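Q: build the 3D model from these lines:
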Amino acid sequence: MVAGLLLRAWPRGLAFGPGAPSRLLSTGFDPGQYLQLSIVPTMHYQDSLPRLPVPKLEDTIRRYLSAQKPLLDDGQFRKTEQLCKSFENGIGKELHKQLVAQDKQNKHTSYISGPWFDMYLTARDPIVLNFNPFMSFNPDPKSEYNDQLTRATNLTVSAVRFLKTLRADLLEPEVFHLNPAKSDTDTFKRLIRFVPSSLSWYGAYLVNAYPLDMSQYFRLFNSTRLPKPSRDELFTDDKARHLLVLRKGHFYVFDVLDQDGNIVSASEIQAHLKYILSDNSLAPEFPLSYLTSENRDIWAELRQKLVSGGNEEALRKVDSAVFCLCLDDFPIKDLVHLSHNMLHGDGTNRWFDKSFNLIIAKDGTAAVHFEHAWGDGVAVLRFFNEVFKDSTQAPAVTPRSQPANTDSSVAVQKLNFKLNDALKTGISAAKEKFDATMKTLTIDYIQFQRGGKEFLKKQKLSPDSVAQLGFQMAFVQQYGQTVATYESCSTAAFKHGRTETIRPASVFTKRCSEAFVREPSKHSAGELQQMMAKCSTYHNQLTKEAAMGQGFDRHLFALRYLGAAKGIDLPELYLDPAYRQINHNILSTSTLSSPAVNIGGFAPVVPDGFGIAYAVHDNWIGCNVSAYQGRNAHEFLQCVEKALESMFDALEGKAIKS
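A: Below is the predicted model:
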C-alpha cells in the first residue's frame, strides 16, 4: 500500500435507492440535509481496524542508522553507531519490552496516540506558524458563484451537511481501494454492511480494500484547543448549534441548526451573513484574536483573566461553535498573498485555536486553516473534498437567490468582551510579537510545467521520489550539503494511527544530487537515470514501510516518552548531537493531491528551515515554500526548478548543463 495515495481523493457516489439505510427513513426525513446516505455505517470498520505495530527494536536502529548515514562524516557515524549498539543491548531493550507490554494492555488505541497528543498539547510555542497549516479551495468552476456571500453560504451549508451526515452515521466510511472495481461497488457494500463490525475490516481486506481510522472526525466540529498552564486541553461540545463568524476582528454567532437538529434554511443563513457583511463598525482597538497567536502559557494566564473578568459565556460560545467562518474584507492578489493570508492573515480575523477556520476572502477565494493537535490531513482532506464537491455540484443558493426576509438583528448575536488594562496590554504585546514574526516569513511558489505524474510513471519512477530528489538537489546547489528532511506519511490504515516520518535524504539521494550538481559532465544521461532509479526504488521502500508503521521516528519518540514518564535519565542515544541534528528538520515537506485543492502550505518547523508543500499533478508539479529570514524561499525554489529541469533533461537523454 503506497502511503502517498492515502491522502488522495476517493470518488464517492451518493447511496440512494433500495440500498439506502432504513434506519433513517422516518417521517419528515429530508435527504437534502445530508451529503450522502451510505448503506455502510460510517464507523462500521472502526472496531476491527488492525493495530499499529510496534516495530522491532533492531529494525528501528537499522533504519535510524541508514537515515543518519548521509548526514554524518565517518567519525560522527561511528560514534552514533556505538551509541545505538549500547542502546539496543541496554536501556533501549528494557524500554522496548515495557512499551510492547503497555501496548498489549491498551488494545483500544495505538502506542503512539497518547504520546502524540501530549507532544502537541504540551508544546508552549504559538500554534500559528509552528503547527497550523492551510489548504485553499479551487475557485467554484461557475465564476458567478465565487461572489463572497454566495460562496460563504454554500460552503457553510455544505460543511453543516457534512456534520449531519457524519453524526447520523451516513457518511461513506473512509476506505483506500486498491481494486475499486471489486470493493467500491454497491454489491460489495450491500454484503459488507451485514458483516459484524468486529470482522468487517477482514471482509474489506479480502477484496483489497483498506478501511482507514476515522476516530479523529468527531473533533472536526464544535471543537477548540483551550490554553492551559503546561498542557492544553481539547474541548468539544456537540450539543451547540451555532456558527462563529469573524469579520474585521468582531465576533458574531447565530444558529445553523434548529432545535430538532435540522439545518436552518440556506436563505436564512445567507440573510445572516449578508447582515454581518453590512456591519460598518470599525475594527476593535484591541482585537481579541491576537491572543490565540501567543505563547500557550501566556495565553492560558490571559484567558483566566478573561474568564474572571466576566467573559466566560462569550468564550464558551466561541469554543463550542460548530466552526469558525472568517469573512475577509479584501480580494486575493496572487498565490503568495493567498498563502500568507490563509496561513496567518493579519491576526485580527482568525481564532487559531478552533479545530478549523473556514476563510473566505472578498473575491470568494476560500481556504481551511486547521489546528493540528486534534487530527491530521486525512480527516481534514476528506472534509475538504466533500464540502468542495457538494458546494459546487449541489449549491444551496445561487447568485440570484434572495436572502430570507428575516430579522437578522435578532437572530445574530454580536459578542462583546470586557477588557481590563491587563488584557489590553496582553493583546498589544501579542500583536507586536505577531507582527514582528510575520515580517520575517517569506513565501514563494512555482509551477513546473514540463511534466508530472504521467511522464514520470512512463519512466518507471515514483513521482514523489523525483520531487523529493529535487529538494535534496536544490539544497546541495544552494548550501552545498545534505540535511535532515521530514516527509509526513499517514498511518491511518491502523486504529488511532497518526503519522510516521519518511526520511527522503539517503545515501542514494546524496550521491545523485552531487552527481547532478557538482559533476554532471562526468556522467552520461543513462548513468544519471540509473541513479534516479535507485533513489526511486529506495524512496518507495521507505514510503511503504512508513505507511505500514515501520519507520523509526515514532518508535524512538515513544521509547523516549516512556523513559521520561518512568523518571529514567535520558539515554545517551538521545543526547547524541546526531540525534538532535536529524530531528532539526531543515527541510519539512508534505504532499497532498486533490482536485479540490488549489494550494496548501505551512511554515518551517525550525528557524533555519524551509516549509515545503508540494503536489505532483498529471502534467505539472506545484511547490509552495516558506522560510524565515536567513533562508531565501525564492532562491531555493529557483534551485528546485533548476534541479527538476536537469532531471527531465537526463530522462530525455539530453546533456546536463552545469
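Q: sketch out the low-pLDDT regions of the protein for me.
A: Applying pLDDT under 70 to the chain flags the ranges 1-28, 658.
Q: show me where the stretch 451-600 of the chain has strands.
A: 485-490, 499-502, 587-591, 597-601 (DSSP state E, counting those that start in this stretch).
Q: can you redo those as a markdown table with distance to residue 636 and mean neighbour count?
A: For glycine as for every other residue, the C-beta is placed from the backbone atoms N, C-alpha and C. Shown next, in a markdown table, are the strands of the stretch 451-600 of the chain (distance: least, C-beta to C-beta, whole Å; neighbours: other C-beta atoms under 10 Å):
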| stretch | distance to residue 636 | mean neighbour count |
| --- | --- | --- |
| strand 485-490 | 13 | 26 |
| strand 499-502 | 20 | 24 |
| strand 587-591 | 9 | 22 |
| strand 597-601 | 14 | 22 |
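Q: report the separation between the residue positioned nearest the centre of the chain and residue 116.
A: Central residue of the chain (C-alpha atoms, centre = their mean): residue 377, 3.3 Å from the mean position. Separation of residue 377 from residue 116 (C-beta to C-beta, to the nearest Å): 14 Å.
Q: just want the angle from the longest helix seen in the chain to strand 485-490.
A: Longest helix of the chain, by residue count under DSSP state H: helix 525-547. On the basis of axes from the mean of the first three to the mean of the last three C-alpha atoms, to 10 degrees, helix 525-547 is oriented at 50 degrees to strand 485-490.
Q: which residue sits closest to the residue of the chain most remote from its centre in space, ignoring its chain neighbours?
A: Centroid-distance maximum for the chain: residue 522 at 41.8 Å, with C-alpha atoms, centre = their mean. With C-beta to C-beta, 6 or more residues apart in numbering as the criterion, residue 522 has its nearest non-adjacent residue at 7.5 Å, and that residue is residue 515.
Q: same question, residue 498
A: Using C-beta to C-beta, 6+ apart, the closest residue to residue 498 is residue 116 (4.9 Å).
Q: how about residue 403?
A: Nearest residue to residue 403 in three dimensions, chain neighbours excluded: residue 271, at 3.7 Å (C-beta to C-beta, 6+ apart).
Q: that neighbour is in contact with residue 404, isn't it?
A: Yes. Counting by C-beta atoms under 8 Å, residue 271 does reach residue 404; the two are 4.6 Å apart.
Q: who has more neighbours, the two?
A: Set residue 271 next to residue 404 and count neighbours by other C-beta atoms under 10 Å: residue 271 wins out with 23 against 18.
Q: how close does that one sit to residue 265?
A: 9 Å.
Q: again with residue 42
A: Look at residue 42 and residue 265: by C-beta to C-beta, they are 26 Å apart.
Q: ditto for residue 257
A: Taking C-beta to C-beta, one finds residue 257 at 12 Å from residue 265.
Q: neighbour count for these two, which is higher?
A: Under the neighbour definition other C-beta under 10 Å, residue 257 and residue 265 were set side by side, and residue 257 has more, 18 against 15.
Q: how many other residues sit next to the residue nearest to residue 498?
A: Look at residue 116: counted by other C-beta under 10 Å, it has 21 neighbours.
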